[in-house]
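Enquirer: Predicted structure and sequence below. I'll ask about it afterward.
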Amino acid sequence: MRRLHLFLRRLVQIGAILSICLIGYAYVGRQPQNVPWTPLDLAQPVGLFTGRKLALLTAHPAECRALLDRAGVAYARMKRGGKDQCAYADAVRLAPARDAIMLEPAAVAPSCPVAAGLKVWEWQVVQPAAQRHFGRAVRRITHFGAYSCRRLYGRSAGDFSEHATADAIDVAGFILTDGRRIGVAADWSGEGKEAEFLHEVRDGACGLFSTVLSPDYNAAHRDHLHLDQAERGAWGGRACR
């Protein structure tokens, strides 16, 4: 009887383990973006690990470009540039595409992980927010550039900025399809729908970029949203202010 009891107990334990595995498998199938080891898919909704997976692409430029290709993103691969602390090798220039947000100026070429983050931000955050607040889509995102060989805050010493490797972009504002402009400098501190929109897209960017800095951070960011994909490892810290 004791052996039978032990046997039945083990069957129950095995059944419980199998149930947990099946539940886990079903969850991964429905929510792969919330699991750290599943491959990144730019078409999936933003999940718990989307931002970290995007940042890790800095070390895998070919994989990053393949993700853009699979997502149907039009872009041009740029040549290597810069040198020493300001060298970059994975910059891409997003190309004009129907129904896609254009960057203004269009000649900007951020790193591939930043470009990938911008596209997911466009699809999952910016356009839905624009429709909710204004009933219209965003046509252009204005910016202050991506690549700039400089140290943090333009200092003469200290750590280099993520801009030094094209791994950042400074977003200044948005232009809707009807020509309306929403600017960080002009509208961030307001009380209307423009300010609500800007705060919403800032918060949404925090799940897609390693660092997001806004006017809430300091005066140096009073007129733009700084978005970067700084490499801090799979479990590294993130900044959203």
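Expert: Nice, thanks for sending it over.
Enquirer: Go ahead and report the secondary structure state at the nearest residue to residue 140 once chain neighbours are set aside.
Expert: What sits nearest to residue 140 in space, not counting adjacent residues and going by Cβ to Cβ, 6 or more residues apart in numbering, is residue 175, at 4.2 Å. Yep, even glycine has a C-beta here, placed from its N, CA and C like the rest. Three-state call for residue 175 (DSSP: H, G, I helix; E, B strand; the rest coil): strand.
Enquirer: Would you confirm that residue 175 contacts residue 138?
Expert: Yes - assessed by Cβ atoms under 8 Å, residue 175 is found in contact with residue 138 at 7.0 Å.
Enquirer: circling back: can you spell out which residues form a bridge with the residue nearest to residue 140?
Expert: Listed by DSSP bridges, the beta-bridge partners for residue 175 are residue 140, residue 181.
Enquirer: quick one: pLDDT of it?
Expert: With respect to pLDDT, residue 175 scores 98.
Enquirer: Please report the number of neighbouring residues for it.
Expert: 18 (other Cβ atoms under 10 Å).
Enquirer: OK, contacts around residue 67?
Expert: Going by Cβ atoms under 8 Å, 6 or more residues apart in numbering, residue 67 touches 40-42, 57, 116.
Enquirer: Quick check: residue 170 is in a strand.
Expert: Yes - checked against three-state DSSP, residue 170 lies within a strand.
Enquirer: Against residue 164, how distant is it?
Expert: 13 Å (Cβ to Cβ, to the nearest Å).
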